[in-house]
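Participant: Pasted the sequence and its predicted model underneath.
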Amino acid sequence: MAHRSTSKSSSMAERFAALNRVGIALMSELDEVRLLHMIAETACSLTDATFAAFTLRPIDETGQPVGPSEGDLFYLAAVVGVTSEQEELFRRMPLGGDGLLTPIFRHGIPVLVDDTLSFANPYTTQHNKNNTSETVSAISDEAFTFAHGIAPSSELRAIGLPHGHPTVRSFLGVPVLDRAKNVRGGLLLGHTTPSRFTPDDKELLLGLAAQAAVALENARLYHTAQMRALELNAIFESIADGVTLVDNQGTILRENRTARLLREHLQECPHNKQAIDNILHIPAQRALNGEKAQGIEITIEDVHDETRQYVITASPLIFTGSSSGALQLHEPQNSEAAPTGAVVVWHDVTEARRLLAERRIHAETETHLALLQMLLDELPTSIYLVRGHDARLVLANKAATD
């Protein structure tokens, strides 16, 4: 007896050690599809189940569950130990379930059943076929009393398995709870023979479900961070101005497409050797030294020998590493905080100033024409100004008009 007890304890210790190793692997897996399949496979391996299904409840962008924790909202996330036809059946059927599944999904309570065939099936009688709503209500009440410790699992009733479902005699199901203790999903195990799952299996599966919840949250946060990074990168690249981040050594850490193209163009022009210093390194160094680097005007020639004008702004920044390894930056909050880098912005004002100059010339021309018209109107002699071979009238004074 002592030997058997020692052997059992050793076996459980090995299983929990395996659970810890799996937990480490789960924490490092950020692909949700592979993660969920790994969890289902692990559940089967640790409990010697015939098949395992992992169901999930939809969540919104903030990670909050969508809708109530019941009915057909749950969907199949991963399954092992079934045929492709059975997997397709699982994907079509509601998995929030009734009967034995109700305590798991509605109340967040694990369910362990030695033999599902020992449970009464309310659909086997004609009376209950005609009173489906009453049957479901009764099963819901039984799940409530079980979840609150009022009734044992032997008093639960199963609605039954659909045609094509794998044979289930032994059943073990545990909820997957998020940090707010909301039911996020469920791990459902089955075996073709009765009495295959023990209370130790239930505790082991609860531990795996807890690790799965953390791993799912990590994967969700990673995916969200990746999406936000892509969005920010798209915004950064779409900025019309050139934006360059440099460290305190003048090394370029990041630049958008506008800045990169301008820098490459300047490097191709032999007569613009000093341009990169003027447009990037000198303003950045001024910002790092705490000097004013706002509204610096630079005129350069591009690869087409066209003169372009830029207004440059440089600001000091502090680069820090976040817990996720991403680069973060912020402005120094006080004079004692030494900047570790700078952001340089190049605003091309060539077209704007060209347009402004054209408008100014046009305004001056209109003023001169108005003055000329006023002078001509004071003359007593008729004066005409015509243009072209057809003598198109361009200007006439008041005497001519009269």
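Facilitator: All right, it came through fine.
Participant: Tell me if Ile318 really is in a strand.
Facilitator: Yes - under DSSP: H, G, I helix; E, B strand; the rest coil, Ile318 falls within a strand.
Participant: From Val113, how far off is the nearest residue to it once chain neighbours are set aside?
Facilitator: Spatial nearest neighbour of Ile318, chain neighbours left out: Thr340 (5.3 Å); criterion: C-beta to C-beta, 6 or more residues apart in numbering. From N, CA and C alone the C-beta is placed, and that goes for glycine too. Distance of Thr340 to Val113, computed by C-beta to C-beta, to the nearest Å: 61 Å.
Participant: of these two, who's got more company?
Facilitator: Counted by other C-beta atoms under 10 Å, Thr340 and Val113 do not tie: Val113 has more neighbours, with 23 against 16.
Participant: Quick check: nearest residue in space to that one, chain neighbours excluded?
Facilitator: Phe171 (4.3 Å).
Participant: Number of residues surrounding the one you found?
Facilitator: With other C-beta under 10 Å as criterion, Phe171 counts 24.
Participant: Likewise for Val349?
Facilitator: Using other C-beta under 10 Å, Val349 has 14 neighbouring residues.
Participant: re the thing from before, which residues touch the residue nearest to Ile318?
Facilitator: Residues counted as contacts of Thr340 (C-beta atoms under 8 Å, 6 or more residues apart in numbering) are 247-248, 317-319.
Participant: The host helix or strand of the residue nearest to Val113: partners in the sheet, and parallel or antiparallel?
Facilitator: In this structure, Phe171 is located in strand 170-177 according to DSSP states H and E. Paired neighbours of strand 170-177 in the sheet (DSSP bridges): strand 111-113 (antiparallel), strand 183-191 (antiparallel).
Participant: Those strands: which one's closest to Leu56?
Facilitator: When these are compared by C-beta to C-beta, strand 183-191 sits nearest Leu56, at 4.0 Å.
Participant: Report the next helix or strand after that closest one in sequence order.
Facilitator: Sequence-wise, the next helix or strand downstream of strand 183-191 (DSSP H and E) is helix 199-238.
Participant: how big is the angle separating that following helix from strand 183-191?
Facilitator: Angle of helix 199-238 versus strand 183-191, following axes from the mean of the first three to the mean of the last three C-alpha atoms, to 10 degrees, is 130 degrees.
Participant: who does helix 199-238 touch, helix- and strand-wise?
Facilitator: Judged by 3 or more C-beta pairs under 8 Å, 6 or more residues apart in numbering; DSSP states H and E, helix 199-238 is in contact with helix 2-28, helix 32-47, strand 111-113, strand 170-177, strand 183-191.
Participant: Now that helix: buried residues?
Facilitator: The neighbour-count check on helix 199-238 (16 or more other C-beta atoms under 10 Å) flags 201-202, 204-209, 211-213, 215-216, 218-220 as buried.
Participant: same deal with stretch 370-387?
Facilitator: Judged by neighbour count (16+ other C-beta under 10 Å), stretch 370-387 contains these buried residues: Leu376.
Participant: Can you show me the CA trace of it as CSV?
Facilitator: This file holds the C-alpha atoms of stretch 370-387, laid out as CSV (Å, rounded to 0.1, in the frame of the first residue of the first chain):
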residue,chain,number,x,y,z
ALA,A,370,-5.3,100.2,-61.5
LEU,A,371,-2.9,103.1,-61.2
LEU,A,372,-2.3,103.2,-65.0
GLN,A,373,-6.1,103.1,-65.6
MET,A,374,-6.6,106.0,-63.2
LEU,A,375,-3.9,108.1,-64.9
LEU,A,376,-5.3,107.4,-68.4
ASP,A,377,-8.8,108.3,-67.3
GLU,A,378,-7.6,111.8,-66.4
LEU,A,379,-6.4,112.5,-69.9
PRO,A,380,-8.7,114.4,-72.2
THR,A,381,-7.5,112.5,-75.3
SER,A,382,-9.0,109.1,-76.2
ILE,A,383,-6.5,106.3,-75.7
TYR,A,384,-6.9,102.7,-76.8
LEU,A,385,-4.5,99.8,-76.2
VAL,A,386,-5.0,96.9,-78.7
ARG,A,387,-3.1,93.6,-79.1
